[in-house]
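>>> structure of the sequence below:
(2 chains)
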Amino acid sequence: MKSLFWRRNPYDLEHTDKLFLQKVITNIVFQFDNCAPYRHLLVQKGFTREKLLSISSLAELPFLPTLYFKHHRLISVPESRLLIRATSSGTSGNKSMVGLDFQTLLAGLGMVLAVGRRHRLLSAVPCHYIVLGYEYNRHASMAVAKTAYGYTWFAPALSRTYALAYQKGSYTLKLDTIKQRLIRLSRQRFPVRMMGFPFHAYWLLSQMREEGIRLKLPKGSLIAFGGGWKQHAAQKVDKETMYQLIYEVLGIKEDHCLEFFGAVEHPILYCACSKHHFHIPIYSRVVIRDVDTLEPVPDGTPGLVNLITPMIHSAPLVSIMTDDLGILHHGCACGISSPYLELLGRVGMEDITTCAAGAENLMKTILEGEAIDDFI
Amino acid sequence: MILFNGTLYTDDKLDSILTRLPEHCIHTLENRIALHQKVIYACSTLSEQIQNGIFDSMIQPLLARGLFTKHQLDQAVSFFQREHIETKYQTELGCLTEHLTPILLPSGITIQRSYVPLGVLFHIAAGNAEGLPFYSVIEGLLAGNINILKLPSMDDGLSILLLQKLIQIEPCLAPYIAVFDISSTRTAILKKLETLSDAIVVWGGDEAVRAARTLASPSTQIISWGHKLSFAYLTLDAKKEELRGLAAHICETNQLLCSSCQGIFVDTENIHTLQSVGLSFLQLLEEESASYPPLSIGIRGKTSLSLYNEELESATSHREVLKGKGASVILSYDATPELSYMFRNCWIKPLPRTHIVKALKPSKGYLQTVGLLCSEKERLSLSKEFIKAGVVRITYGPTMSRTIPGEAHDGAYALRRYCKLAEIEI
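Alright, predicted model coming up:
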C-alpha cells in the first residue's frame, strides 16, 4: 500500500481520502485484535467495519474521550516495543500516558518532515535555539519537553538554551539568562529560533518591553508557539497584540511567527498557515460533534473536537474526543485547500468554580512552594 | 490593589506597607474599641445603598455573566440588613457576653470571664463565591478582630470595593482592615502575614486547608471552612411536589454550593424501586431545567463527555446513566456520598434507613446538609440518624441552600470561633 505518511504535500486531502480510509480500517482491525478495551468499545457501540464505506462515514467510528486515557493505559503492542513514552502536561489534574512504537515513530517522521518542509522549518542554515520550557533530559516524560527538543532538529543547532534548566533532578527558572542570551544573539549573524507556550513568551516579552529592550534578531529568526494558554486563559491576548509585541521587542515579523497544535493522545503536527489557521493535514480528519447529542454538526458550527488518525499503531488512538471546543471552516486565503480547525478553548466551567475547586487550585502552589509552578 | 488603613494603594507600595503593618497591628490592638455596633451600622447602610442601585454598574455585569442569580443577590443583601446582622451577632456572641458577670467560685476566688477577640485574623478566601472574602472580613470584624485579607487570584474587585465603601460609612473601621491582592505563590509574603496573625481563616477544599496548615506556625490557629457535601434523603412516602422543589433547587444552584444537593439517597434496597425513582426524578429535573437559563456550550460539552465516559466505564463501575434533556441521573449501588457532575446532573443511590450511620460515618468532616423528603411523623427520628452520622444541617428538599440569620455554619458559630475566653481573677 502506498504510504500516507511519506507524501510531499501534507494538505492534499482530496487525493488521500481513499488511502486514509484504508489506513483507518487497517488500524481498527489491528486495535480490535490487540486491545481488549478497544474491542469492548466497538462491540458496545455496535460498530462493524462495513459502516466505514466512505470518508464521509468516518463519524460513525466510535471515539474514546481523552478523559478515558487519564484512567486507563491502553496499549496494543508489547511494552518492550514502546520506544517513547509521553505524558500530557496535566494542567487539569490527571495525566495521560501514551506509548509510541517504531512503526508509529517512522510514520511520524514522514509527517514531521513534510510539515516542516512546507512551513519552511527545515533548513540547512545553523541556528541558536531558545526554548521557553523544560530542558530535555532522559528522565522527563512530558510531551512538551520532547516536542520542544524535537523542534531543535529542524535546522542544525549551534546552541540550545532553556528557560527551565535541569540541574540535579529539578528545574530552575532562568528568565534573566534568557534575556541576556537574546541580547547577545541579536548581535551575531545566525538566526535564532524560539519556542514555547504563548503565555511564557508573552510574560518574557512584556517584561523586556517594560525594561526598554528593543532587539533585532538576525534574518531568518523564528518564533513558534504551541500548547495554548492553559490555566492562564484569563490573561490571553489577541494574536495581533502578540505579534506586535514580538516585532517590537525581537524584530521578528508576523510571517515568521509559527503556531503549533497537537495532543499527547493525538500526536499529529498541526502548523498554522500564513493566515494563522490550523489546516487539517492528510494524516488526520476532524469531526465536530454537538455538545449535547455528540452527533456530527455541519461545518461552521461550534462543537466538541473529535480527531481521527491512523498514524498510531501502538495504542487505540484512531478516534479520540478531546475536551476542546472548535469549529471546522472551509476556504482560507492562504492557498491551502484543506479545511481548518478553529479552537475555541476547553470545555468546562469558565470563570465559575465550585466550593472545592477555587481555592484548591490557588493554594496548591503554596504547598509546592516556588513561583516556578506558574511557569509550567 | 492594596487596601490599608482606609486608603487604596497600587501593588508597588506592597513592600513599604508590609514594613509598616506589624507596628500598625500593635498600635490598633493598643487602641482597640468595641466594633460590633459600628459594623452593624456600616453593613446596614451599605445594604441599603446596594438596594438603591448605587453599585449597579459593578453588580449588573456579574449578574449578566450568571455568576449569581438576582434571588441569590437579594438574599445576600438582606443578610447585611440591620435586623439580620444584629440577630446573627446576638445569637452567636451577644447572648454570651451579656451575662458574664464576675463569678465567686466555691474555692473563694472571684473571676471575671469574657469573650475577647482572637486579635489578628488572616483570611485566605476562595474565589468560588462572589463577595465571600468580604463576608469573611465582616465576621472577623463583628467579633472585634483586625482582619488581613488575601484576595483570591480570580477576584474581580467586588470585595475590596465593598470594604472600601464600608470604611467610608464608618471610618473607625479603617485600621481593622488590610486587603492584599497577592499571588498564592509568594510564600515569603504570606508567611510574613501569618506571623502577624493569631489565626488563619481558610475557605476551600482539602488542598487549601492543607496548604494553610503548611503555612502556619504551631502557635497559629487554623480556622477552616472546608469543602462540604450535601445530598437529599428520600423515603418512599415523600410528596411529589417536594421532589419537584428539590429538582428546582438543583437547577437554581447548579449544585455549585456546599449546601447544594449532589444526589439522592433512597430508603430502599430494591433495585427496581431505585430505577423507577431515577426515571421519575429525571423527568422532574428535565421539566425544571427548561425553566432556568440554559447552560453554556462549554458546560454542556463537559457534561456530555463525562456522561459518555461514564457509559464506557459502566461495565466495570456498575453505574447506570439515565440521560435526559439538559439533565441526567446516574444510578449507583454504593452508599458513598460524592460530588456529582453538577449542572443538573445528580446521582441516586440506595440507603436503607437502618444503614445511615454506618454508611455515612466514613465521610465525617465532609457532611453538611441533608434535604429530608419524608412523612412528617418520621422527620425527627430520621433526622437523628443523620445527626449521629455527622450531618449538621437538615432541611426540606427545596430549601437546602436557604440561609437564615443566626444559623450555624458547618456546625459552628463563626463569631465564637473568632473569639476566645479570657479570665481575670479579681
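
>>> which secondary structure element of chain B has the lowest mean pLDDT?
helix B:95-97 (a mean of 77; mean pLDDT, DSSP states H and E).

>>> C-terminal to that helix, what's the next element?
strand B:103-104 (DSSP states H and E).

>>> the stretch 301-426 of chain B: strands as residue ranges?
Applying DSSP state E, counting those that start in this stretch to the stretch 301-426 of chain B gives strands spanning B:320-323, B:328-331, B:345-350, B:367-373, B:393-395, B:419-425.

>>> pLDDT averaged over the fifth one - what is it?
Throughout strand B:393-395, pLDDT has a mean value of 97.

>>> what helices and strands are in contact with it?
Taking 3 or more CB pairs under 8 Å, 6 or more residues apart in numbering or on different chains; DSSP states H and E as contact, the helices and strands that strand B:393-395 lies on are strand B:367-373, helix B:376-389. Any C-beta I mention is one placed from the backbone N, CA and C, and that applies to glycine too.

>>> could you rerun that using 6 Å?
Using 3 or more CB pairs under 6 Å, 6 or more residues apart in numbering or on different chains; DSSP states H and E, the elements in contact with strand B:393-395 are strand B:367-373.

>>> and the strand it packs on, anywhere near chain A?
No - against chain A, strand B:367-373 shows no contacts by CB under 6 Å from any CB of the partner chain, the least distance being 9.8 Å.

>>> residues making contact with that strand?
B:228, B:230, B:232-234, B:238, B:242, B:258-259, B:261, B:386, B:390-391, B:393-395, B:397, B:400 (CB atoms under 6 Å, 6 or more residues apart in numbering or on different chains).

>>> same deal with stretch B:74-93?
Contacts for stretch B:74-93 (CB under 6 Å, 6+ apart): B:36, B:40, B:43, B:44, B:47, B:50, B:142, B:405, B:406, B:413, B:415, B:416.

>>> okay, and for chain B, where does confidence drop off?
B:66-67, B:98-100, B:127-129 (pLDDT under 70).

>>> would you map out the domains in it?
Structural domains assigned to chain B are B:2-227+B:410-425, B:229-395, following automatic domain parsing.

>>> who in the stretch 201-350 of chain A is up against chain B?
Checking the stretch 201-350 of chain A against chain B by CB under 6 Å from any CB, the hits are A:291, A:292, A:294, A:304, A:325, A:347, A:348, A:350.

>>> of these, grab the buried ones for ChimeraX.
Applying 16 or more other CB atoms under 10 Å in any protein chain shown to those leaves a buried subset, and the ChimeraX line that selects it is:
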select /A:291,292,294,304,325,347,348
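
>>> so the residue most central in space within chain A versus chain B, what's the distance?
Geometric centre of chain A, nearest residue: residue A:262, 2.2 Å, by CA atoms, centre = their mean. Between residue A:262 and chain B the distance is 20 Å, computed by CB to the nearest CB, to the nearest Å.

>>> quick check: neighbours of the host helix or strand of that residue in the sheet, parallel or antiparallel?
Residue A:262 is part of strand A:257-263 when elements are defined by DSSP H and E. Partners of strand A:257-263 in the sheet, by DSSP bridges, are strand A:222-226 (parallel), strand A:266-271 (antiparallel).

>>> which residues touch it?
By CB under 6 Å, 6+ apart, strand A:257-263 touches A:223, A:224, A:225, A:226, A:243, A:246, A:269, A:270, A:271, A:272, A:278.

>>> just the C-alpha atoms of the helix or strand in which residue A:324 is found, please, in CSV.
Using DSSP H and E, residue A:324 sits in strand A:319-329. Extracted in CSV, the C-alpha atoms of strand A:319-329 (Å, rounded to 0.1, in the frame of the first residue of the first chain):
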residue,chain,number,x,y,z
SER,A,319,-10.5,8.3,17.0
ILE,A,320,-10.3,10.4,20.1
MET,A,321,-12.5,13.0,21.6
THR,A,322,-10.7,16.0,23.0
ASP,A,323,-12.1,18.3,25.6
ASP,A,324,-11.8,21.2,23.3
LEU,A,325,-14.5,23.2,21.6
GLY,A,326,-13.8,24.1,18.0
ILE,A,327,-15.2,24.9,14.6
LEU,A,328,-14.3,23.5,11.2
HIS,A,329,-14.0,26.1,8.5
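
>>> angle of it against strand A:266-271?
Relative orientation of strand A:319-329 versus strand A:266-271 (axes from the mean of the first three to the mean of the last three CA atoms, to 10 degrees): 20 degrees.

>>> and strand A:319-329, which residues are buried?
By neighbour count on 16+ other CB under 10 Å, the buried set for strand A:319-329 is A:319, A:320, A:321, A:322, A:323, A:324, A:325, A:326, A:327, A:328.

>>> I'd like the next helix or strand past that strand.
For strand A:319-329, the following helix or strand on the C-terminal side (DSSP H and E) is strand A:340-346.

>>> partner strands of that next one, with direction?
Strand pairing for strand A:340-346, using DSSP bridges, gives strand A:278-279 (antiparallel), strand A:319-329 (antiparallel).

>>> can I get it as CSV, trimmed to CA atoms?
The C-alpha coordinates for strand A:340-346 follow below in CSV (Å, rounded to 0.1, in the frame of the first residue of the first chain):
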residue,chain,number,x,y,z
TYR,A,340,-9.1,24.4,9.0
LEU,A,341,-9.8,24.0,12.7
GLU,A,342,-10.5,27.0,14.9
LEU,A,343,-10.1,26.1,18.6
LEU,A,344,-12.4,27.9,21.0
GLY,A,345,-11.0,26.6,24.3
ARG,A,346,-11.6,23.9,26.8
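
>>> how far does that strand sit from its chain's centre?
How far strand A:340-346 lies from its chain's middle: 12 Å, per CA atoms, centre = their mean, to the nearest Å.

>>> cool, and stretch B:311-322?
Computed by CA atoms, centre = their mean, the chain-centroid distance of stretch B:311-322 equals 33 Å.

>>> pull out the buried residues from that stretch.
Result for stretch B:311-322 [16+ other CB under 10 Å]: buried residues B:311, B:312, B:313, B:319, B:320, B:321, B:322.

>>> state the number of residues packed around the closest residue to the second one other than its chain neighbours.
It stands for residue B:312. In space, and not counting its chain neighbours, residue B:312 is closest to residue A:68: 6.0 Å by CB to CB, 6 or more residues apart in numbering or on different chains. The number of residues packed near residue A:68 is 21, by other CB atoms under 10 Å in any protein chain shown.

>>> just the element for residue A:68, please.
Using DSSP H and E, residue A:68 falls in helix A:66-69.

>>> could you give the mean pLDDT of the next helix or strand after that helix?
Going down the chain from helix A:66-69, the next helix or strand is strand A:82-87, by DSSP H and E. Per-residue pLDDT values over strand A:82-87 give a mean of 78.

>>> could you name the helices and strands sitting against strand A:82-87?
If contacts are counted by 3+ CB pairs under 6 Å, 6+ apart, strand A:82-87 sits against strand A:97-101.

>>> elements contacting the strand it packs on?
Helices and strands touching strand A:97-101, as assessed by 3+ CB pairs under 6 Å, 6+ apart, comprise strand A:82-87.

>>> the strand it packs on vs strand A:97-101, what angle?
160 degrees.

>>> and residue 248, which helix or strand is it part of?
Answering for chain A, as no chain was given. Per DSSP H and E: residue A:248 is located in helix A:239-250.

>>> wrong chain, I was asking about chain B
Assigned by DSSP H and E, residue B:248 falls in helix B:240-253.

>>> domain assignment for chain A?
Taken from automatic domain parsing, chain A resolves into A:17-109+A:273-346, A:119-262.

>>> for the ones you listed, which has the smallest mean pLDDT value?
The minimum mean pLDDT among these belongs to domain A:119-262 (a mean of 83).

>>> other residues contacting stretch B:15-28?
B:2, B:4, B:120, B:146, B:175, B:196.

>>> grab the nearest non-local neighbour of the fourth one.
Sequence neighbours aside, residue B:120 is the residue nearest to residue B:146 in space, at 4.6 Å (criterion: CB to CB, 6+ apart).
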